[in-house]
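Visitor: Task: produce atomic coordinates for the following.
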Amino acid sequence: MKNKLNKLKRIIFQPKALFLLFLLLSMCVTITNVNQPSSVTVGEQMDVTIDVDVAPAEDASYNIVFGVLVPEAWDIASNATVSFTSDNGDGTMRLANGSDPDYKTPITDLAGIGENYGLVEWVVFISDQTVSGANGVNFSGQIQLSMDVGTENIKTQLGYIVGTSGYGITQGETDIRFTPCMEVTGGANPVIDLCGPLPFPVTFQPTEYTYDDIIHVGFDATKGPEGAPTALSGATDVYLCAKAVIDGEAVEACDISDITKMRSIGTDQWNVSVWPRQLFNAQPSQEITDITFSFKNQNGDVEVKNPDTGEDFQLIPNCAN
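Guide: Numbering: from 1, shown residues only. Here you go, the predicted model:
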């Protein structure tokens, strides 16, 4: 008998046996539908319902774990209300706090942030009541979410994830649903398109140029790391700080002067026209091989560099001929 028990233990603790045991002891959640508006107006409250099916493989009672991906600016942790109804009971949900397991990190690792380039966050809620399930008896439910959408025009993709406290956030025991990008309208700001490409603060005109051309450099101080404003947002004056390699020697044009001062062409929008040879006092016979630059305020104590690299922006010749 002892040998048989030892043999049984060896079988149970084999990896495949553990996997089968895990399948036998689970409560699989599937999101079957998300009812969410495609657009709302600033200042409004948005109501969303998430329909789920639950397939218990054991007799157990667990709390519902619900995560929603939203723009950080909405601050739904301070304004959202969440509740649930189901065949096996109804109840309310609360914001997850420091005494709960860390659900936010595994949700972010498992689900990502959809089509958004950044400035979004997963906010997690946990049911105040447990929901009981019986082995092999599926049941359905619905989560009701109501949240404020802030005061800014914005396009974003929302995401939803549902699981249980018994198994945490794991592949197979939770379900994730991303909805098509939706829009908030009616605000005073230019649209913040989180579903679009990652914003970049610098533009060049013309698009094709050499170091012998006049190049118009545009700077949008609202487009910093992950779309957040740069450190020069709201500045009253902005200056170009440029460096070059001429005939193998490093030179710099970083003084506060008329030639480096940028023109304001709108709120947080700046432009400067640069002829590299004039900017660096390079003679026609001299060779310019490299130009990099950043932007500074008049005091020189605030500087903006490439948000993607943390280094100076590069001015690279771009000519089809």
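
Visitor: For the closest residue to Ser264 other than its chain neighbours, give the beta-bridge partners.
Guide: The shortest distance from Ser264 to any non-neighbouring residue, by Cβ to Cβ, 6 or more residues apart in numbering, is to Trp270 (6.1 Å). Glycine gets a C-beta too; all of them are placed from N, C-alpha and C. Per DSSP bridges, the residues bridged to Trp270 are Phe219, Ser264.

Visitor: Correct me if wrong: Trp270 contacts Thr260.
Guide: No - if you go by Cβ atoms under 8 Å, Trp270 and Thr260 don't touch, sitting 11.6 Å apart.

Visitor: So those two - more neighbours on which side?
Guide: Trp270 (23 against 20; other Cβ atoms under 10 Å).

Visitor: Might you report the residue contacts of that one?
Guide: Under the criterion of Cβ atoms under 8 Å, 6 or more residues apart in numbering, the neighbours of Trp270 are Gly218, Phe219, Asp220, Ala221, Val238, Met262, Arg263, Ser264, Phe295.

Visitor: Read off the pLDDT value for the first one.
Guide: Think Gly218. Looking at Gly218, its pLDDT reads 98.

Visitor: what's the answer for Pro199, then?
Guide: The score at Pro199 is 85. That number is its pLDDT.

Visitor: Excluding sequence neighbours, find me the nearest residue to it.
Guide: Lys223 (3.9 Å).

Visitor: For the one you found, give me the backbone phi and psi.
Guide: phi -110, psi 90 (degrees, to the nearest 10).

Visitor: list the contacts for it?
Guide: Pro199, Phe200, Pro201, Pro229, Thr230, Pro307.

Visitor: any idea how far it is from Ile192?
Guide: Computed as Cβ to Cβ, to the nearest Å, the Lys223 to Ile192 distance reads 10 Å.

Visitor: Ok, Trp275 next?
Guide: 35 Å.

Visitor: who's more crowded, those two?
Guide: Neighbour totals were compared for Trp275 and Ile192, and Ile192 leads with 20 against 14 (other Cβ under 10 Å).

Visitor: ok, the nearest residue to the more buried one once chain neighbours are set aside - contacts?
Guide: Distances taken as Cβ to Cβ, 6+ apart put Ile154 closest to Ile192, at 4.6 Å, once the chain neighbours are dropped. Ile154 is in contact with Pro71, Ala73, Glu183, Val184, Gly187, Val191, Ile192, Asp193, Leu194, counting by Cβ under 8 Å, 6+ apart.

Visitor: tell me which element the fourth one is part of?
Guide: In other words, Val184. strand 182-185 (DSSP states H and E).

Visitor: Mean confidence (pLDDT) on whichever helix or strand comes after that strand, please.
Guide: Downstream of strand 182-185, the first helix or strand assigned by DSSP H and E is strand 192-193. For strand 192-193, mean pLDDT is 90.

Visitor: Partner strands of strand 192-193, with direction?
Guide: Paired strands of strand 192-193, defined by DSSP bridges, are strand 154-156 (parallel).

Visitor: next helix or strand past the partner strand?
Guide: Assigned by DSSP H and E, the successor of strand 154-156 is strand 159-164.

Visitor: Report all helices and strands that that following strand contacts.
Guide: Under the contact definition 3 or more Cβ pairs under 8 Å, 6 or more residues apart in numbering; DSSP states H and E, strand 159-164 sits against strand 27-35, strand 45-56, strand 60-71, helix 104-111, strand 120-133, strand 175-178.

Visitor: just the angle between that strand and strand 27-35, please?
Guide: 150 degrees (axes from the mean of the first three to the mean of the last three Cα atoms, to 10 degrees).

Visitor: Neighbour-wise, give me the winner out of the contacts of Trp270.
Guide: Of all the contacts of Trp270, Phe295 has the most neighbours under the rule other Cβ under 10 Å, reaching 27 neighbours.

Visitor: My read is that Val131 contacts Ser140, right?
Guide: No - in this structure, Val131 is not within contact of Ser140 by Cβ under 8 Å, at 11.4 Å.

Visitor: quick one: common contacting residues for the two?
Guide: By Cβ under 8 Å, 6+ apart, the residues touching both Val131 and Ser140 are Val54, Ser86.

Visitor: distance between stretch 165-176 and the chain's centre?
Guide: What separates the centre of stretch 165-176 from the centre of its chain is 22 Å, taken as Cα atoms, centre = their mean, to the nearest Å.

Visitor: What are the buried residues along it?
Guide: Ser165, Gly166, Tyr167, Ile169, Glu173, Thr174, Asp175, Ile176 (16 or more other Cβ atoms under 10 Å).
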